[in-house]
Structure formats: C-alpha cells, structure tokens
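Participant: Pasted the sequence and its predicted model underneath.
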Amino acid sequence: MNENAPPKTHQDGQPLESFTINATLVRLPHLTDYLPHLKPQTTPLESNHFYHPSDEFYLSHSDVIIRRTIYDLSTTSLSSSSPHLSYPRAGPRKQIFYNPQNVRAAIVTCGGLCPGLNTVIRELVVGLSEEYGVPEIFGIKAGYRGFYSMDPVKLDVKMVHNWHKRGGTVLETSRGGFDLHKIVNAIEEHGYNQVYIIGGDGTLRGAVKIFNEIRHRKLHIGVAAIPKTVDNDVGIIDRSFGFQTAVEKAQQAISAAHVEAESAPNGIGLVKLMGRTTGHIALNATLSSRDVDCCLIPENPFYLEGKGGLFEFLDERLAQNGHAVVVVAEGAGQDMIPRTDAASQKDESGNPVFLDVGVWLKGELKRWWERDHKDELFTVKYIDPTYMIRAVTANATDNLYCTLLAHSAIHGVMAGYTGFVAGPINGNYAYIPMDEISVTKNEVNTKDHNWAWVRSVTTQPDFVRS
Ligand SMILES: Nc1ncnc2c1ncn2[C@@H]1O[C@H](COP(=O)(O)OP(=O)(O)OP(=O)(O)O)[C@@H](O)[C@H]1O
Ligand SMILES: O=P(O)(O)OC[C@H]1O[C@](O)(CO)[C@@H](O)[C@@H]1O
Ligand SMILES: [Mg+2]
C-alpha cells in the first residue's frame, strides 16, 4: 500500500468527494420568548415605493450562515460530537414585531473611538426613518452613563446627513458609568422600545446585562449591538469596522519611521500602534507596509538580550542594511517594563492601563547601543501615532461595512430578535447571540500562516529561547 496516497475517505468513513456536515442552528432570543402574545404585522417595506420586494427579497428562519467553512476532512468529525454552528442570516423579514409608527429608538456609542462610528449612527437613523418610517430616534450622549445622567438628542435624517464624513462620534462616548438599574430604568422612563448599542468587548458585556434585565422585566424592547473595536479583538465576526481604516492610517507612521531610519547611520525607526491585548493592527500594518524589520505583538512575547533576542537581531540588521524599522503593539512587552504607579493600573471601565512600551523600548535600545557600540553613530526615532489611526473618518470599505451593519441590525430588531449582534461571518451578515460573542476574543494566531508570513517577510526571530 502506498502510504503517501491521498486518503479516499475522511474520519467518519464518508468519501472525500462528498461529505455531510451536521450543523446546529444557533437560536437567537426573540421578543415572543417572553411576550408570547405579541402579534406580527407586515413590514412597511412592502409599501415602500423604493422597494419591489419579491419573495426572495425577504429572509426567514431557514436562511442561515455556517460559521466554520474550513475543515480538515481527515481529522474532523463532521457528523457528530462537536456541533457545527449556523446563525440566522441578517436581512429584512416580511413579518415584523413593531408598529414602526410607535417605535422610539435609542442609539449609544461606548468605549474608545473607532473610524466609522458616525457612519453607523447615521445609517441607523436613515434606515429607521426611511425604510421603516420610525418617527422618533434619540442619541444617548457620552456612553452608558448618558442614559441616566444626560438629556438625549433627537436625531433626524437631515441632521445626520454628512456624519459619515466625520471621525469620532458626534454622540460622544466614555468609559465606565455602567449602572444596570439606572440604565434600564431610564430606558423604560423614556419609552425607548429599540436600543442600539455600539461598542467593543466591554460594551457587549454591558449590553448582555441590559438585555437580560429587559427580558427579566418582560419589556417590549429590542436590544441589538454593533461590535466596534479598532483593535479587531471581538471574536466570531470576520473583522470589526474601522480596523482597515486604522491599518491604512498606520502606513503613514511606518513610512515616516522608515524614511527617518534610512536617513541616519544605524537608524532605527520605532512605531507603536494600538492593540491593547491583540496585535492585529501591528501585524496587518506590517504585512501591508513591507518596510518593517520586526513586529512585536502581545501574543508572541519577545525578549531583548542574548541569543535569539531583539538586540542580536537588530545588530545583524543594522550591519546588513544600516537601518531597521520596528513596529510594536501597545500591549506587547508589558511584563518587562518596570511598573511603579500602583494606583492607576485600571481605567474607568476596568481595563488595564498600559505602560508606554515605545518609550521604554527606545530607552532600552539606546542603553544597549551605548553599552555595545559606544563609538558608532546611532539614532532611534520613535513615532507614536496613537489616536491618529482611530480618530479619523472611515475609508470607503469601512463606510460601506458600517452601512450594512446598521441596516442588518435594524431588520433584526424589527423582526423581533433581541439580545443579538449583527456582524459578518465568512463575508455574509449574520445575527449572533450577544452572550455568545461577548465571551469570545479574537487573538492573533501565532501558529497560522499569517504570523509565519510576518516572520518570513521580516525574517525576525521567533523569540523562543533555546
Ligand atoms: N463587564 C462589564 N459589565 C458591564 N459593563 C461593562 C463591563 N465591562 C465594560 N463595561 C462598560 O462598557 C463600556 C465600554 O467598555 P470599555 O471601556 O471596556 O470599552 P469597549 O466597549 O471594550 O471598547 P474598546 O475597548 O474598543 O474601546 C463602559 O461604559 C464600561 O463601564
Ligand atoms: O485612551 P483611551 O480612549 O482609553 O483608549 C485607548 C485604548 O482604546 C483602544 O483604541 C481600543 O480598545 C486601544 O487600542 C487603546 O488601548
Ligand atoms: Mg475593549
């Protein structure tokens, strides 16, 4: 028998040419779970003269998106134990669970800025007003705390018409201030019956609590979240909005670092990029730039001294090329930086406050050169673009993405779904239960091809001590 011959069957004995996946449909919470007498009505899209809905236009329970599309047939059991999950496909439903005329919608943005926030707000307002004829839409100011401590802003289509051309969030945002009972009481008191929450992992954890409390109180209020994180650290979805814009913006900093480094004897250009606990921005900016000699991310701890360390690598690179560019994600190397100020280790949301790895690394590089190469010229130019990569207008791709996210969320809430997140899975828009997505984390997989590609492009060490 030829052991190298390709197998004819996979693990379950099915022929490789045709196989069956046993997928489970993830159930989304629906208003009728706790309001069984709620009656549906026909969507106003039927009579919207811009639409000519056919049966294919509408989606139903049977339209699903399978989460996982990549399998190794020789090792994966397709039919049994581990469930292959599928999610409801996002889009308009023929039957909705609101009279749009009675909808009072609230929109809130929480956490850090991200390119595209204003586009999502704009499209929520435009979609609710123009597709469904919703008369009352309110913006909650300054994140979660705004529900109970500030007056809302009434939003209309005219007001938001050019918001997609602005960075930041016109509604303002903040960290901290999550008080569950005050928030849900305020939602009830203001009569909001649809709540759209735009935010990252922390925001999603808060949104789950809001949804659970609303369900506990059996209120006719739909809650949808739209995942926002410039770090791209939310799991399940393909990527988060604004991430690509941030990667694009980071190119300017890397190019400048490269020019500075090239223009000096033994020049090092050091760029710190956002990425609290994940290195997606640093990784993607490195791969798209190709000027980078070494990319340091939290998922792949590095060290400075000795064999296989950063200094040895840079020594060789400077000897070869006369310059080098290092990109470091803000969350990398934190365990090596001396920390003295115990008081400010958490921000208002409870996130760890990081020490400046760029400033620290610049100091370490200078100390190293002074120690080992005292008589040779050397310079480190440190560029920290921080907020410049996120406080910008979304690019065209992200603007389109934000538009589709907002419209997906509206269709889902109108259809009675609640406690869900709208997001793309394998290029198609799906509804994902909030509690499921809130516990996921999208980290850089240092075992996959992308990270190997970074290593082969930069030829940097793997920082595994031998
Ligand atoms: N576990 C939690 N339960 C309830 N609320 C939370 C929780 N974690 C964070 N929040 C609230 O969510 C809001 C945003 O959280 P955070 O500042 O962590 O930003 P984020 O949503 O993770 O976005 P990003 O990290 O992209 O800036 C804050 O108001 C915070 O108080
Ligand atoms: O200074 P702020 O607004 O708290 O935000 C900084 C953090 O927010 C993010 O942009 C998103 O989590 C991180 O990359 C960064 O650490
Ligand atoms: Mg976060």
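Facilitator: Nice, thanks for sending it over. Ligands and ions are numbered 1, 2, ... in the order given.
Participant: What residues does the stretch 101-250 of the chain have near ligand 1?
Facilitator: 110-112, 143-144, 175-178, 199-203, 205-206, 209, 229 (CB under 6 Å from any ligand atom). In this view, the C-beta of every residue, glycine as well, is placed from N, C-alpha and C.
Participant: and if we set it to 8 Å?
Facilitator: Proximity of the stretch 101-250 of the chain to ligand 1 (CB under 8 Å from any ligand atom) is limited to residues 110-114, 143-145, 174-178, 180, 199-206, 208-209, 228-231, 233.
Participant: wait, doesn't Ala42 sit right on Gln95?
Facilitator: Not Ala; residue 42 is Thr. Yes - applying CB atoms under 8 Å as the test, Thr42 and Gln95 come out as touching, 6.6 Å apart.
Participant: Which one of the two is surrounded by more residues?
Facilitator: Under the criterion of other CB atoms under 10 Å, the comparison of Thr42 against Gln95 puts Gln95 first, with 14 against 10.
Participant: Mean confidence (pLDDT) on stretch 188-201, please.
Facilitator: Averaged across stretch 188-201, the pLDDT comes to 97.
Participant: start to end distance for that stretch?
Facilitator: With CA to CA, to the nearest Å applied, stretch 188-201 spans 25 Å between its terminal residues.
Participant: Off-centre distance for that stretch?
Facilitator: Chain-centre distance of stretch 188-201: 20 Å, with CA atoms, centre = their mean, to the nearest Å.
Participant: Is it in proximity to ligand 2?
Facilitator: Yes - Stretch 188-201 is in contact with ligand 2 by CB under 8 Å from any ligand atom, via Gly200.
Participant: Now that stretch: buried residues?
Facilitator: 190, 192-201 (16 or more other CB atoms under 10 Å).
Participant: isn't Leu287 right next to Asn450, touching?
Facilitator: Yes - here Leu287 lies in contact with Asn450, judged by CB under 8 Å, at a distance of 7.4 Å.
Participant: can you narrow the residues of the stretch 101-250 of the chain next to ligand 1 to ones near ligand 3?
Facilitator: Filtering those for proximity to ligand 3 by CB under 5 Å from the ion leaves 200-202.
Participant: Looking at these, which are in helices?
Facilitator: Cross-referencing these against helices under DSSP state H gives 201-202.
Participant: Can you give me the neighbour number for Phe378?
Facilitator: By the criterion of other CB under 10 Å, Phe378 has 17 neighbours.
Participant: same question, Asp315
Facilitator: Residues near Asp315, counting by other CB under 10 Å, number 17.
Participant: Just list the residues touching it, thanks.
Facilitator: Residues near Asp315 by CB atoms under 8 Å, 6 or more residues apart in numbering: Asp372.
Participant: What residue in the stretch 301-450 of the chain comes nearest to ligand 3?
Facilitator: Per CB to the ion, the residue of the stretch 301-450 of the chain with the smallest distance to ligand 3 is Asn351, at 6.2 Å.
Participant: surely that residue meets Thr203?
Facilitator: No - assessed by CB under 8 Å, Asn351 is found out of contact with Thr203, at 11.7 Å.
Participant: which one of those two has more residues nearby?
Facilitator: More crowded of Asn351 and Thr203, by other CB under 10 Å: Thr203, with 27 against 18.
Participant: Just give the nearest non-adjacent residue to Asp293, would you?
Facilitator: In space, and not counting its chain neighbours, Asp293 is closest to Ala324: 4.2 Å by CB to CB, 6 or more residues apart in numbering.
Participant: picking that back up, now, among the ones next to ligand 3 among the residues of the stretch 101-250 of the chain next to ligand 1, which is nearest to Ala246?
Facilitator: Nearest to Ala246 among these is Gly200, at 13.2 Å by CB to CB.
Participant: Please list the residues of the stretch 101-250 of the chain that sit near ligand 2.
Facilitator: Neighbours of ligand 2 within the stretch 101-250 of the chain, by CB under 8 Å from any ligand atom: 111-114, 175, 200, 229-231, 233.
Participant: And what about the closest residue to Leu45 other than its chain neighbours, helix, strand or coil?
Facilitator: Spatially, and ignoring its direct neighbours in sequence, Leu45 is nearest to Tyr51 (5.2 Å; CB to CB, 6+ apart). Of the three states, Tyr51 takes coil under DSSP: H, G, I helix; E, B strand; the rest coil.
Participant: so Tyr51 touches Phe57, yeah?
Facilitator: Yes - with contacts counted by CB under 8 Å, Tyr51 reaches Phe57, the gap being 7.3 Å.
Participant: can you list residues touching both of those two?
Facilitator: Shared contacts of Tyr51 and Phe57, defined by CB under 8 Å, 6+ apart, comprise Leu45.
Participant: Compute the number of surrounding residues for the residue in the stretch 201-350 of the chain that ligand 2 sits nearest to.
Facilitator: Among the residues of the stretch 201-350 of the chain, Met274 lies nearest to ligand 2; the distance is 3.4 Å by CB to the nearest ligand atom. Around Met274 there are 22 other residues, counting by other CB under 10 Å.
Participant: wait, what's in contact with it?
Facilitator: Residues near Met274 by CB under 8 Å, 6+ apart: 230-231, 246, 281, 329-330, 386, 389-390.
Participant: now do Ala422
Facilitator: 90, 224-226, 405, 408-409, 412, 429-432.
Participant: Just the ones of those in helices?
Facilitator: Using DSSP H, those in helices are 405, 408-409, 412.
Participant: what's the nearest residue to Leu59 if we skip its chain neighbours?
Facilitator: Once flanking residues are discounted, Leu59 sits nearest to Gly91: 4.2 Å by CB to CB, 6+ apart.
Participant: ok, back up a step: when you check the residues of the stretch 101-250 of the chain next to ligand 1 against the strands, which ones overlap?
Facilitator: Using DSSP state E, Gly199 are the members of these that sit in strands.
Participant: just the buried members of the residues of the stretch 101-250 of the chain next to ligand 1?
Facilitator: For those, buried by 16+ other CB under 10 Å: 110-114, 143-145, 174-178, 199-206, 208-209, 228-231, 233.
Participant: Need the phi and psi values for Arg371.
Facilitator: Backbone torsions of Arg371, given as degrees, to the nearest 10, read phi -70, psi -40.
Participant: meant to ask about Lys381, not that
Facilitator: Reported as degrees, to the nearest 10, the phi and psi values for Lys381 are phi -110, psi 110.
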